[in-house]
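> coords below, sequence missing:
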């Protein structure tokens, strides 16, 4: 009997439309001989299954079932493609664990940890993972701009602590630009992280569980036409994404091993994509995405195809791992 798979997409953040693209890509490529996929929109105005004619059917949040006509459908697994809240910060994972439905991404604790850049960097330091010099701000904190510049220097990056797809990020070159940059970041989150500028080659490393083993995918080099790998560079074609990266074999293996180490130490599962900058020749960790983009413009599917893994195999592997 085919497994009924709910492909959760959307979310409550600025990234919901990117998630819809990812979810539709998974829906398109799942093997129909093995799986019976359903598009599930998780939106602020409601959760619903969307049929082929775009008709919505409300999800019963008590048990994550849906009634279509006279039939009540229960799902065997949820394929989580939600970027941001509630699918990337642990809320959906915790809910699905409570109702007893397996899902394809990491557990709720790992999701909450990795979604919080500040806390993740603090944890990874214990494992010797290099990162930029950081300064943390809460919305109610008094902002001492001299202290910030003394700590991180200029230029620096001001980021929303819990946001993705480069929302709420500004590269700051002058002291007077810190105020508008923090205001931009606080629109996305009430916590801000300010990081020293790392000069070097930026790369992205996908890590998956493939046939029972943790595997790092080919590394992607990111060359942005803009100041940094911002929203336009990620989604509107203002960047080059070169897979495999134009870096030495030694650097490739080193950053892949670090990405795998992080995956294993944090007890991850599903797909992750970690970003690094080779600063002074050493890979410095930037962030980890636990529900990385899966649309045509996304990096991880490009990496999988470079590793001779087609999208049907890739998406199916996440479901099979979750069901085990």
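Cool, the structure landed. Note that the structure is a prediction, hence the values are computed from the model and not measured.
> Now the closest residue to residue 137 other than its chain neighbours: phi and psi?
Leaving aside its chain neighbours, residue 137 sits nearest to residue 192 (4.3 Å; criterion: C-beta to C-beta, 6 or more residues apart in numbering). No exception for glycine: its C-beta is placed from N, CA and C like everyone else's. Here is the backbone geometry of residue 192 (degrees, to the nearest 10): phi -130, psi 140.
> Touching, residue 192 and residue 157? I think so.
No: Residue 192 sits out of contact with residue 157 when judged by C-beta atoms under 8 Å, with a separation of 10.5 Å.
> Show me which of these two is the more surrounded one.
Ranked by neighbour count (other C-beta atoms under 10 Å), residue 192 and residue 157 place residue 192 first, with 27 against 22.
> if I pick that one, what's in contact with it?
136, 137, 138, 139, 158, 159, 160, 161, 182, 185, 186 (C-beta atoms under 8 Å, 6 or more residues apart in numbering).
> I'd like to know which of these are part of strands.
In strands, judged by DSSP state E, the following of those are found: 136, 137, 138, 158, 159, 160.
> filter those to the buried ones?
Buried subset of the ones in strands among the contacts of residue 192 (neighbour count, 16 or more other C-beta atoms under 10 Å): 137, 158, 159, 160.
> Please produce CSV containing the residues you listed, extended by pLDDT and distance to residue 144.
CSV is the format used below for those (pLDDT from 0 to 100; distance: C-beta to C-beta, whole Å):
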residue, pLDDT, distance to residue 144
137, 93, 10
158, 94, 14
159, 92, 18
160, 90, 20
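> Just give the number of residues close to residue 210.
Per other C-beta under 10 Å, the neighbour tally for residue 210 reads 18.
> correct me, but it touches residue 309?
Yes: here residue 210 lies in contact with residue 309, judged by C-beta under 8 Å, at a distance of 7.4 Å.
> so what sits against both of the two?
Residues touching both residue 210 and residue 309 (C-beta under 8 Å, 6+ apart): residue 317.
> any chance you could map the helices in the stretch 201-324 of the chain?
Ranges of helices within the stretch 201-324 of the chain are 231-235, 249-265, 299-306, 311-323, based on DSSP state H, counting those that start in this stretch.
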